[in-house]
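# Dropping a prediction and its sequence here:
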Amino acid sequence: MLSVEGLTVRAGSVELVRDVSFEIGPGERVGLIGESGSGKSLTALSLMGLLPEGVTAAGAARLGERDLVGVPERRLKALRGQDVSMVFQEPMTALNPLMRVGAQVTEVMTLHGRPAGQARARAVELLGRVRLPQPEQVARAYPHQLSGGQRQRVMLAIALANEPGLLICDEPTTALDVTVQKQMLDLIAEVAPALLFITHDLAVVASVCERVLVMYGGRVVESGPIREVFGNPRHRYTEGLLAASRLTPRGTRLPVIAGSVPAAGQFPDGCVFTNRCPHATPACEQEPALTGEGHAHACRHPADRG
Amino acid sequence: MRGRINAGLVIGGVLVGLVVLLALLSFGWTPRDPVLVDAAAKLHEPGGGYLLGADKFGRDTFSQLMVGARTTLYVGVVAVGIAAIIGTPLGIIAGMTSGRLGWLSELIMRVNDLVFAFPALLLAIMLGAVYGAGTLTAMIAIGVATVPAFARVSRAATMQVMVTDYVLAARAAGRRRTAVALRHVLPNISSVLIVQASVSFAIAILAEAALSFLGFGTRPPIPSWGRMLQESQELLFSTPRLALWPGLAIALAVLGFNLLGDGLRDYLDPKLRRIRAER
Amino acid sequence: MPTHAGTPLIEASDLSRVYHRPRTSLTRAGEAVHALRGVSLTVRAGERFGIVGESGSGKSTLLRLLCALDQPTSGSIRFDGQEITGRPERRLRFLRQSLQIVFQDPMSSLDPRMRVRDLVAEPLVALGEPVGGRVAELLDQVGLPASAADRYPHQFSGGQRQRIAIARALAPRPKVLVADEPVSALDVSVRGQILNLLADLVDELGLTLVFVSHDLSVVRHVCETVAVMNGGEIVETGAVDDIWAEPRHAYTRTLLRAVPTLEGFL
């Protein structure tokens, strides 16, 4: 379905994403985990051809038969919303406040050549499919008349309108309340054809995806099936992140990762985690490769299988 | 913290810098006495000690332009100064008062609208008629007429600052209104004010030129670009260069300040800056 | 019931706050929004009190009222025995001295144009107290080098900025620290550092902590008592461990079920 090979994203001389490779099969749900500055959102944006000015992507990404990286904007426009579509974090800013919701869902279909009448009928159908109650009424509403959760469902309906082969979600529930988040996650897992799900929240990824890529400092440091990676982390960063995510009972110290995430371009050479890693040795100055079948990691001193 | 240098900023800066340089230079040196009437040099062609020629009284055009730049900047600084000193506090007060004191904000802004609706040139002509025309009345009139512009932008910017968390945090720390205004609001709206000052400066230059042209601005013999234009009027067809040079000077100075204002807006805009910071 | 023996420090009773939406019609007044409906709570000295709720639950409104940054429509709040509602700012000095806040997003709660030195000293300056060597002392207390004082907030990472915000809050040696979602804008790998720091400071300085969060599991780690808010009301209050083990209100149960956990999948 989607295959990414050696994707590198640069802003000037600063490498923000380095040599990222992964594949997503049809119907597969893959999580991309990382903290701020990990390069996870840039990875997604480069697949959509939506990188900001001054930021360029190199490498190869193919969706089915089509190239996504290094093709002219005109070709990408045809792909975007048709073969691959994206749901963003902020549903309020992603919708046009002056247009009725139904018209916005319709527009994405007419843009890709569907007759208007047919598109309008299908828009209502789509709004129903993302479980919005009374879809006919919702179609006539303006974005500000809907709640955050409802707006995000509209975004999902727009993303699904042209039956894309791949859905990319970038922190789609971060701005939502926990009780709304759960329904949204269940819905995404149910309707996504193939999914690339980007988040900083380990528990969220665990509830949606089957496979996960852990990014840090612009690189994939560990990847594999969720159960393997979370149950048996090999990279010291993944290990630390998992430990830091578990809230221990009151009165106990939380395990922490020392220091803070460096700013873009200021990660150490070699293994990007060396300056915060308790297990780092001089050997880590050589960049470790991502190795392993299925469950891969890029660490010179991996955690024991336990 | 700094934005990207853009072409407008550079070109605007160079043009404004040129005007400032000419004006500063004129304090110490001009090629000839700018106000010396010399019948022998009447309508002297460019060259021979007269770089841009001389006017119908035999005064050196280039020297007059240099001293005229001084007048122009002088008027701009004082007019914009008056507008900023009166308008900014009013705008900040209007932006900070809401709820119980909302009427104060309303009052300030409605009076503001009233002044805004009154044409600056008319105000200058009225003041000129009452107190006598001159550079000072022109400056005051232009300044007063520019107050609403400053009050409006500072009110809008203040309202944006007032809803930020750091103002809430300052209040929670026990800061009173005045301290919030001086410590938090003013520094954070300063970039907007700098841009406004630059744009208002351009408008003030134009207004002064117009007033001098109409005879309500700078009095003779002090050189002024606007009056140079007016004096060249009758010779427009026989000696067009007399109108060309002051006209060009006004156009370039106005363009310079406008470009500088636009360039500064892009350079200082915190939103553009934030986008860069996130990348 | 909270088992704490401390004396009541914050007593809020029957707090209501009604906002009016801007009018959309000339003939009708703007719609009234009931952000808080008759909320009462007591925070005792030395207690770690959690407030949990989602957006629109009224927790932010309650917080603003407790910090006297907004006035209730009705009801009263007593701090250390003194009524704080209806007072003008100049008569709130005792509250500003004894109660300080750490906000959610240290990116926006620190004035970008001020140096760290001035930010940390601001509560002292506002109270007219001497600053002296207090800034360096406070920075040290939150684990930042003294050299941080000369820099601007944007030169720090999110976690470091939150440390600056905590140092600032501690400046006037308050009795109560109010933390409004202090870790929800932070990366997971630094969240633990800030929670540990808060726990240490609360212990060392004998602070009373009011901790607001949307995440019951964070509150469970930090607090002993919790009030669960929904629709402008406190729907359930008591010891965190009891509520975690056996939620009585339907909303609390929904909330607990909705929080995704790692354990559930492994």
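All right, it came through fine.
# Can you tell me who the residue nearest in space to the middle of chain A pairs with across the strands?
For chain A, the residue nearest the mean C-alpha position is A:Ile198 (2.3 Å; C-alpha atoms, centre = their mean). Beta-bridge pairing for A:Ile198 (DSSP bridges): A:Leu32, A:Asp170.
# Which stretches in the chain count as strands?
As the question left the chain open, I've gone with chain A. Under the criterion DSSP state E, strands of chain A are mapped to A:2-11, A:14-24, A:29-33, A:55-63, A:66-67, A:84-87, A:166-170, A:195-199, A:211-216, A:219-225, A:296-297.
# tally of neighbours for B:Ser238?
Applying other C-beta atoms under 10 Å in any protein chain shown, we find 8 residues neighbouring B:Ser238. C-beta coordinates here come from the backbone N, C-alpha and C atoms, glycine included.
# how far away is it from A:Leu156?
Distance of B:Ser238 to A:Leu156, given as C-beta to C-beta, to the nearest Å: 75 Å.
# Please apply the same query to B:Ala141.
With distances defined as C-beta to C-beta, the gap from B:Ala141 to A:Leu156 amounts to 60 Å.
# one step back: doesn't A:Thr173 make contact with the residue nearest to the centre of chain A?
No. In this structure A:Ile198 lies outside contact range of A:Thr173 using C-beta atoms under 8 Å: 11.2 Å.
# Mind pulling up the pLDDT for A:Phe88?
At A:Phe88, the model reports a pLDDT of 85.
# My guess is it contacts A:Asp170. True?
Yes. At 5.5 Å, A:Phe88 and A:Asp170 qualify as touching, with contact defined as C-beta under 8 Å.
# just to revisit the earlier point, closest to C:Ala245 out of the strands of chain A?
Evaluated over these, closeness to C:Ala245 peaks at strand A:195-199, with 28.8 Å, by C-beta to C-beta.
# For chain C, just list every one of the helices.
Using DSSP state H, the helices of chain C run over residues C:59-66, C:93-98, C:106-109, C:116-127, C:134-141, C:158-170, C:188-205, C:216-222, C:240-245, C:250-258.
# how many other residues sit next to A:Thr274?
Neighbour number of A:Thr274 under other C-beta under 10 Å is 19.
# so who does it touch?
Applying C-beta atoms under 8 Å, 6 or more residues apart in numbering or on different chains, we find A:Thr274 in contact with A:268, A:280, A:284-285.
# Could you dump these into a markdown table and include neighbour count and distance to chain C?
As requested, these are exported to a markdown table (neighbours: other C-beta atoms under 10 Å in any protein chain shown; distance: C-beta to the nearest C-beta, whole Å):
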| residue | neighbour count | distance to chain C |
| --- | --- | --- |
| A:Pro268 | 16 | 15 |
| A:Ala280 | 18 | 16 |
| A:Cys284 | 22 | 18 |
| A:Glu285 | 13 | 22 |
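# so can I have JSON lines of these showing pLDDT?
Converted to JSON lines, the contacts of A:Thr274 look like this (pLDDT from 0 to 100):
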{"residue": "A:Pro268", "pLDDT": "89"}
{"residue": "A:Ala280", "pLDDT": "89"}
{"residue": "A:Cys284", "pLDDT": "89"}
{"residue": "A:Glu285", "pLDDT": "88"}
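# The residue of the stretch 101-250 of chain B found nearest chain C: what secondary structure?
Nearest to chain C, among the residues of the stretch 101-250 of chain B, is B:Gly174, at 3.4 Å (C-beta to the nearest C-beta). Taking DSSP: H, G, I helix; E, B strand; the rest coil as the rule, one finds B:Gly174 in the coil state.
# Quick check: it touching C:Val125?
No. B:Gly174 lies out of contact with C:Val125 (C-beta under 8 Å); the separation is 9.0 Å.
# of those two, who's got more company?
B:Gly174 (23 against 17).
# just the helices in the chain please.
Because you didn't say which chain, this covers chain A. Per DSSP H, chain A has helices spanning A:40-48, A:73-79, A:91-94, A:101-111, A:116-129, A:135-140, A:148-160, A:178-191, A:202-208, A:226-231, A:236-245. These are given in chain order.
# wrong chain, I was asking about chain B
Read by DSSP H, chain B holds these helices, from start to end of the chain: B:7-28, B:61-96, B:102-117, B:120-131, B:135-162, B:165-172, B:177-179, B:186-214, B:225-232, B:241-268, B:270-278.
# neighbouring contacts of the shortest one?
Counting contacts by C-beta under 8 Å, 6+ apart, the residues outside helix B:177-179 that touch it are B:96, B:170, C:89, C:126.
# now that helix: how far from the chain's centre is it?
The chain centroid and the centroid of helix B:177-179 are separated by 29 Å under C-alpha atoms, centre = their mean, to the nearest Å.
# what is the mean pLDDT for it?
Taken as a whole, helix B:177-179 carries a mean pLDDT of 88.
# Now do the buried residues in it.
The neighbour-count criterion (16 or more other C-beta atoms under 10 Å in any protein chain shown) identifies B:Ala179 as the buried residues of helix B:177-179.
# coming back round to it: of all the strands of chain A, which one is nearest A:Ala263?
Across these, closest to A:Ala263 is strand A:14-24 (C-beta to C-beta), at 9.8 Å.
# what number of residues lie near B:Met139?
When neighbours are defined as other C-beta under 10 Å, B:Met139 has 26 of them.
# What distance do you get for the nearest residue to it once chain neighbours are set aside to B:Ala138?
Among residues not flanking B:Met139 along the chain, B:Val78 sits closest, at 4.4 Å (C-beta to C-beta, 6 or more residues apart in numbering or on different chains). Between B:Val78 and B:Ala138 the distance, using C-beta to C-beta, works out to 10 Å.
# more crowded one of those two?
B:Ala138 (32 against 18).
# Hmm, B:Gly128 and the more buried one touching each other?
Yes. With the criterion set as C-beta under 8 Å, B:Ala138 and B:Gly128 qualify as a contacting pair; they are 7.4 Å apart.
# Mutual contacts of those two, please.
The contact sets of B:Ala138 and B:Gly128 overlap at B:211, B:216 (C-beta under 8 Å, 6+ apart).
# could you dump the helices of chain A to TSV with distance to chain B and mean pLDDT?
Listed next are these as TSV, based on distance: least, C-beta to the nearest C-beta, whole Å; pLDDT from 0 to 100:
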stretch	distance to chain B	mean pLDDT
helix A:40-48	8	89
helix A:73-79	20	80
helix A:91-94	13	73
helix A:101-111	24	90
helix A:116-129	32	90
helix A:135-140	30	90
helix A:148-160	19	90
helix A:178-191	23	87
helix A:202-208	22	89
helix A:226-231	28	91
helix A:236-245	22	90
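# got the ones you listed as a markdown table, with distance to C:Val210 columns?
What follows is the helices of chain A, written out as a markdown table (distance: least, C-beta to C-beta, whole Å):
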| stretch | distance to C:Val210 |
| --- | --- |
| helix A:40-48 | 34 |
| helix A:73-79 | 50 |
| helix A:91-94 | 30 |
| helix A:101-111 | 40 |
| helix A:116-129 | 42 |
| helix A:135-140 | 39 |
| helix A:148-160 | 26 |
| helix A:178-191 | 21 |
| helix A:202-208 | 26 |
| helix A:226-231 | 34 |
| helix A:236-245 | 24 |
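# Fine by me, we can end here.
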